[in-house]
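Undergrad: Everything below, folded, please.
(chains A and B, ligands or ions: 2)
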Amino acid sequence: MAETKQVIIRVKRQAGPKEPARWEDFSLKWRPSMNAIICLRDIAENPVTRDGKKTTPITYDSNCLEEICGSCAMLINGKARMACSALVDHLEQPIRLEPMSKFPLVRDLAVDRQFMFESLKRVKAWIPIDGTYDLGEGPRVSPEVQEKGYPLSNCITCGNCLEVCPQVNEHNQFVGAAIISQVRLFNMHPTGAMNKRERLEALMGPGGIQECANAQNCVHACPKGIPLTESIAEVNRDAWKQALLGWLLG
Amino acid sequence: MSSTATRPDTSYFLRKLHSFTGVLPVGAFLAEHFWSNSAALVNAAKYDEVSRDLQTIPFRPFVEWGVIFLPMLFHGVYGVYIWLRGKSNVSAYPWVGNWLYATQRHTGLIAFAYIGWHLYTERWLTHGKSTYATVESDMQNPWYLLFFVVGILASSFHLGVGIWNFLCKWGLVATAKAQQAAGRLGVVVGVVFSIVGILIVISFRLNWHPFASYYISK
Ligand code: SF4
Ligand code: FES
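TA: Residues are numbered from 1 along each chain as shown, chains lettered A, B, ... in the order given. Ligands and ions are numbered 1, 2, ... in the order given. Below you'll find the predicted structure:
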């Protein structure tokens, strides 16, 4: 019988944000269509390192396994991407798995993306449709706006665009491309546009859109192919018009 | 909706001012500066005439400080502050835009240092009365020559990338196609400035005046 193919995985482990980090190697039995999450599951079934030491299962986030929930982003061979769509056969081995570096660590590969959710709240990334009475039907959304908005609505808040951005770091509270793109989405919606000014003003506060320095890494890293640089440019245009010309033109 | 959202703060306005001053007046001044210095390509007499004309512009100290020195100082100092708040990652993500991001910071610093030295030697020491002869003798020093070449290339690169950044960051080009076109415009600006700048240096160094036949004495 032919020798079974092995997959070598190297995982950065850390019991908590203040604990020391260490690397653990695992050797797994290769199976067709294996992805990084399957590897982590296999390790959980049999948490033994490559050199035979017993260890604990690895902590990580995942849910949908089809690049739609956004929870499984991590650094795979040093690059930010979704683990569930990272096919082992396309990766150089040993496959290095590390947690994202721009979000607070929870444990092992799990990080806390709360910063993104707080930022979405800060820019009011929703459309208010509830009132104390029936507000009736809203304006119709033109097919043109629907077509532009749909790709933007695909954002899964994975955080890859923040992870790869040189302007997101410990000195800088930049909200990142995803949030700016969501502002564009909700501002282009006819009902959402009623809060356009508020969203733009929130985006011109500390860590706002001005921190973008046009490295354009976000658009390459986004697993959903969202036209982030286009969103940033458009929101930038609306923002400076509001900030610099608002007092002149009303 | 409550009104607890953050509001535009000074960092927004300073960032916008930084971006704007890079093109106007700093970029525009660079264009003017290369334009007037290309008089050297005609001959020494033409160069000295242009230099004298510039010395006689009305309100000269206000123009020099308000339109040239202060905007440049702000653009440079705030640029260094911006650099310190970024964290380059080209080795992990070597995409073109990311390379430009990193190089933009290094060329900016080189250009800033160069311009400081250049102002000191060619403006302060000469009291703003540089002549063809003084620049020509400076150019005979190989270290001066090298610094001129490096400074010109860094400034030209920084302006080219800066124009691209400016157009993207003010939303004047938004779609991927338009941004690519803006990128090509930046390349043209960078290359043209580099070539013209180097030609001027060669002109001083070798007393080379390819347009000498254009000259009409006053
Ligand atoms: S914009 Fe793209 S990369 Fe950024 S969070 Fe959304 S899906 Fe992820
Ligand atoms: S598990 Fe949902 S995106 Fe990967």
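Undergrad: buried sites along the longest helix along chain B?
TA: In chain B, with assignment by DSSP state H, the single longest helix is helix B:176-206. Buried residues in helix B:176-206, counted by 16 or more other C-beta atoms under 10 Å in any protein chain shown: B:179, B:182-183, B:186, B:189-190, B:193-194, B:196-197, B:199-205. (Each C-beta comes from the backbone N, C-alpha and C, glycine too.)
Undergrad: same check, this time on stretch A:146-156
TA: Buried, per 16+ other C-beta under 10 Å, within stretch A:146-156: A:148-149, A:151-152, A:155-156.
Undergrad: And stretch A:235-250, by the same measure?
TA: Under the neighbour-count criterion of 16+ other C-beta under 10 Å, stretch A:235-250 has A:235-240, A:242-243 buried.
Undergrad: before we move on, what about stretch B:10-19?
TA: B:11-12, B:15-16, B:18-19.
Undergrad: for the longest helix of chain B, what is the average pLDDT?
TA: Averaging pLDDT along helix B:176-206 yields 98.
Undergrad: pretty sure residue B:63 is touching residue B:56, no?
TA: No: in this structure, residue B:63 is not within contact of residue B:56 by C-beta atoms under 8 Å, at 11.6 Å.
Undergrad: did I read that right, residue A:81 in a helix?
TA: No: if the criterion is DSSP: H, G, I helix; E, B strand; the rest coil, then residue A:81 is strand and not within a helix.
Undergrad: per-residue pLDDT, it?
TA: 98.
Undergrad: close enough to count as contact, it and residue A:220?
TA: No: using C-beta under 8 Å, residue A:81 is not in contact with residue A:220; the gap is 10.9 Å.
Undergrad: neighbour count winner among these two?
TA: residue A:81 (22 against 17; other C-beta atoms under 10 Å in any protein chain shown).
Undergrad: between the buried residues of stretch B:10-19, which is closest to residue B:168?
TA: Nearest to residue B:168 among the buried residues of stretch B:10-19: residue B:19, at 10.1 Å, using C-beta to C-beta.
Undergrad: average pLDDT across the helix or strand containing residue A:7?
TA: In the assignment (DSSP states H and E), residue A:7 maps to strand A:6-14. Averaging pLDDT along strand A:6-14 yields 98.
Undergrad: Stretch B:86-93 too?
TA: What stretch B:86-93 shows for mean pLDDT is 97.
Undergrad: anything in that stretch near ligand 1?
TA: No: Stretch B:86-93 lies out of reach of ligand 1 by C-beta under 6 Å from any ligand atom, never closer than 13.0 Å.
Undergrad: of all the buried residues of stretch A:146-156, which two lie farthest apart?
TA: Pairwise over the buried residues of stretch A:146-156, using C-beta to C-beta, the maximum falls at A:148 and A:156, 18.6 Å.
Undergrad: Can you give me the domain boundaries for chain A?
TA: A:6-111, A:114-249 (automatic domain parsing).
Undergrad: first to last residue in the first one, what's the distance?
TA: As for domain A:6-111, its first-to-last residue distance stands at 28 Å under the measure C-alpha to C-alpha, to the nearest Å.
Undergrad: Tell me how far it lies from the chain's centre.
TA: Centre-to-centre, domain A:6-111 and its host chain are 17 Å apart (C-alpha atoms, centre = their mean, to the nearest Å).
Undergrad: and what of the last one?
TA: In terms of C-alpha atoms, centre = their mean, the centre of domain A:114-249 is set 14 Å apart from its chain centre.
Undergrad: Quick one: mean pLDDT for that domain?
TA: For domain A:114-249, the mean confidence score works out to 95.
Undergrad: for that domain, how far is the first residue from the last?
TA: 37 Å.
Undergrad: Now intersect the buried residues of stretch B:10-19 with the strands, please.
TA: Among the buried residues of stretch B:10-19, DSSP state E puts none in strands.
Undergrad: Contacts for stretch B:120-133 next, please.
TA: If you take C-beta atoms under 8 Å, 6 or more residues apart in numbering or on different chains as the criterion, stretch B:120-133 is touched by B:40, B:44-45, B:47-48, B:51, B:55, B:134-135, B:138, B:144, B:204.
Undergrad: Apply 7 Å and report the result again.
TA: For stretch B:120-133, contacts defined as C-beta atoms under 7 Å, 6 or more residues apart in numbering or on different chains pick out B:40, B:44, B:47-48, B:51, B:55, B:134-135, B:138.
Undergrad: Out of these, which two are the most distant from each other?
TA: Longest span within the contacts of stretch B:120-133, C-beta to C-beta: B:55 and B:138, 18.3 Å.
Undergrad: ok, which stretches of chain A are helices?
TA: Secondary structure of chain A (DSSP H): helices at A:36-45, A:114-122, A:143-153, A:160-163, A:177-188, A:196-203, A:217-221, A:228-240, A:246-249.
Undergrad: check which helix or strand covers the residue in chain B that ligand 1 sits nearest to.
TA: In chain B, no residue comes nearer to ligand 1 than residue B:93, which is 13.0 Å away by C-beta to the nearest ligand atom. Using DSSP H and E, residue B:93 maps to neither a helix nor a strand.
Undergrad: Spell out which residues of chain B are next to chain A.
TA: B:1, B:5-9, B:11-12, B:15-16, B:85-89, B:92-93, B:95, B:97-98, B:101, B:165, B:168-171, B:173-176, B:179 (C-beta under 7 Å from any C-beta of the partner chain).
Undergrad: Can you select the buried ones among those residues for me in ChimeraX?
TA: Buried members of the residues of chain B next to chain A, defined by 16+ other C-beta under 10 Å, are picked up in ChimeraX with:
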select /B:5,8,11,12,15,16,85,86,88,89,92,93,95,97,98,101,165,168,169,170,171,173,174,179
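Undergrad: Inside helices: which ones of the residues of chain B next to chain A?
TA: B:11-12, B:15-16, B:97-98, B:101, B:165, B:168-169, B:176, B:179.
Undergrad: can I get the residues you listed in a markdown table with distance to ligand 2?
TA: Shown next, in a markdown table, are those (distance: C-beta to the nearest ligand atom, whole Å):
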| residue | distance to ligand 2 |
| --- | --- |
| B:11 | 34 |
| B:12 | 34 |
| B:15 | 34 |
| B:16 | 36 |
| B:97 | 25 |
| B:98 | 24 |
| B:101 | 28 |
| B:165 | 32 |
| B:168 | 29 |
| B:169 | 31 |
| B:176 | 25 |
| B:179 | 28 |
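Undergrad: Report the two of those residues separated the most.
TA: Across these (C-beta to C-beta), the longest gap, 28.2 Å, separates B:11 and B:176.
Undergrad: Now do the same contact list for residue B:83.
TA: residue B:105.
Undergrad: if I've got this straight, it is in a helix?
TA: Yes: counting by three-state DSSP, residue B:83 is found in a helix.
Undergrad: okay, it: pLDDT?
TA: 97.
Undergrad: how near is it to residue B:155?
TA: According to C-beta to C-beta, to the nearest Å, residue B:83 and residue B:155 sit 17 Å apart.
Undergrad: Perfect, that will be all.
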